[in-house]
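J.: Take this sequence and fold it.
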Amino acid sequence: MENSRKKSAGMSRRNFLAATCTGLLTARLPKAAALQESASTKAARIEAFRMLGRTGFKASDIGCGTPINEGLVRRLIESGVNVFDTSEIYYRGQSERTLGRVLKEFDRKSFFVMTKVFPPYESEQDVYSRATKSLERLDMSYVDGLILQNAESVEIVTNKAFHAALARLKNEGKVRYGGLACHGTAWSGKPKNTLEEILMTGVGDGRFDVVLLAYNFLHQEMSRKVLGACRERNIGTVIIKSNPVSKYSQLAQMAEQIEKGSVPEGGGTLEEYKEYLPWIKDTLIPLMKEQSGRVRDYTRDKGIVSEDAFMRDVAIRFILSNPDVGTVLYTFENFGDIESVLGASGKTLEAAGRPLIDEYQRGLGRLYCRPGCAACEDSCPHGLPINTIMRYNHYRMAQGREDYAAEMYADLPGLNAGVCQSCEGYCGPACPHQVPVPLLLRLAHRNLALG
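T.: Next up is the predicted model:
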């Protein structure tokens, strides 16, 4: 879709940064032509648009989450991206300001803009005032979607103050549609509601036109159910947490340092890893060495420059293979991201690529904390919101949002994962997926509090 420019922005194509990484987990790689195209970085742009439910908006199949740089936003628009998601809390409102300054240069009707208000919702006037301030920061007369962010319970989904304010904003023409976003819970101990219960309550409520949810090839069953329910009710679907493998090259580097007897990057001592050394040496390191060799051989033969970009491409294609998906949000950090990520637009994962996904499920599954799971949290003697801490570490490691992740972590009430350094690790045996939760929590604390 071409967008009409109101005035020239003087934007020329810029050199993009080539992404590099080492040690990606992988498996038997299919020699499928459908996967080889990820090597191309030539003028990638949006190739497909999908109807965003009953909003009637034809959305680019890949959208932008958390706009952080004006130049990147302009380049995305010129590449056909027309869905943007931000929030009142992203970079203390700067994300909204950044997006607003750029969209002033384009035809506003060509875009679907969402912003979020964060609980608690003290009153109708509180929600209304905060939404109005978001409009001021965006410098817009309306947003397409006002999203109820971080819904941690069924009670929040049906919050009277939010819905009263939403109705008022709609009547005044300041908001076109309501939406729901949920990552899971942040309650200590056993959560009030499961992630599925929260999302399905929102889908059945009838007042939400758009739902934002996590969906990737390691987090499928529940998400597919919610996506199907959204299709039946003609609710637009926006995918977050699309790539479950992007941060594991850093774990590979950590494992290599430990194997050499060095202190892992981020601090600490080898003694702190003593309990996990057998697992790291006997399981993690051999797996990464064997499988990273396979991906290097494959990418070298196919001329693929970046292993990380290759798996990101596979992950997005997997999601776009589901017709119930409206658009996939991605947090673009540099121009190289734009070129590589948009290369997946309009493409799906062919049958030959399925074995790769299956192998990742078996291998990487033991390192992936599932969004909204919280199965281990009832075992924590300190009452930590483990799944939320893991999510903040994902922002830091996978998305490069270091300041935002550290800020959110610092704002957690009560204790943080610093107590995990001396804990016996009751959460580990409680994980149904055999994830080494205590080790990952210790790493998360170093990343978020000390990094």
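
J.: Which residues does stretch 157-177 contact?
T.: Residues from elsewhere that reach stretch 157-177, judged by Cβ atoms under 8 Å, 6 or more residues apart in numbering: 55, 117, 119, 121-128, 131-132, 135, 141-146, 148, 151, 178, 180, 182, 198, 201-202, 205, 207, 209-210, 236. Bear in mind the C-beta positions are built from the backbone N, C-alpha and C, glycine included.

J.: Pull up the distance across it, start to finish.
T.: 15 Å (Cα to Cα, to the nearest Å).

J.: average pLDDT for that stretch?
T.: Across stretch 157-177, pLDDT averages out at 97.

J.: Does anything pack onto the helix or strand containing residue 397? Which helices or strands?
T.: Under the criterion of DSSP states H and E, residue 397 resides in helix 386-398. Helix 386-398 sits against helix 402-410, helix 437-445, with contacts defined as 3 or more Cβ pairs under 8 Å, 6 or more residues apart in numbering; DSSP states H and E.

J.: re earlier: among the contacts of stretch 157-177, which ones are buried?
T.: Among these, those classed as buried by 16 or more other Cβ atoms under 10 Å are 55, 117, 119, 121, 124, 127-128, 131, 135, 142-146, 148, 151, 178, 180, 182, 198, 201-202, 207, 209-210, 236.

J.: now the residue of the chain positioned farthest from its centre: how far from residue 73?
T.: For the chain, the residue at maximal distance from the C-alpha centroid (Cα atoms, centre = their mean) is residue 261, at 33.5 Å. Per Cβ to Cβ, to the nearest Å, residue 261 is found 45 Å from residue 73.

J.: circling back to that earlier point, in strands only, show me the buried ones among the contacts of stretch 157-177.
T.: 117, 143-146, 148, 178, 180, 210, 236 (DSSP state E).

J.: circling back: what's the most buried one of the helices and strands packed on helix 386-398?
T.: Sort those by mean neighbour count, taking mean count of other Cβ atoms under 10 Å, and helix 437-445 sits at the top with a mean of 24.

J.: Kindly export that helix (C-alpha atoms) in PDB.
T.: In PDB, the C-alpha atoms belonging to helix 437-445 read as follows (Å, rounded to 0.1, in the frame of the first residue of the first chain):
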ATOM      1  CA  VAL A 437      14.300 -21.600  35.900                       C
ATOM      2  CA  PRO A 438      16.700 -20.800  38.800                       C
ATOM      3  CA  LEU A 439      19.600 -20.300  36.400                       C
ATOM      4  CA  LEU A 440      17.600 -18.200  34.100                       C
ATOM      5  CA  LEU A 441      16.300 -16.000  37.000                       C
ATOM      6  CA  ARG A 442      19.900 -15.400  38.200                       C
ATOM      7  CA  LEU A 443      20.900 -14.400  34.700                       C
ATOM      8  CA  ALA A 444      17.800 -12.100  34.400                       C
ATOM      9  CA  HIS A 445      18.800 -10.400  37.600                       C
END
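
J.: I'd like to check the angle between that helix and helix 402-410, please.
T.: 120 degrees (axes from the mean of the first three to the mean of the last three Cα atoms, to 10 degrees).

J.: Low-confidence ranges, the stretch 51-200 of the chain, go.
T.: In the predicted model of the stretch 51-200 of the chain, residues 184-191 satisfy pLDDT under 70.
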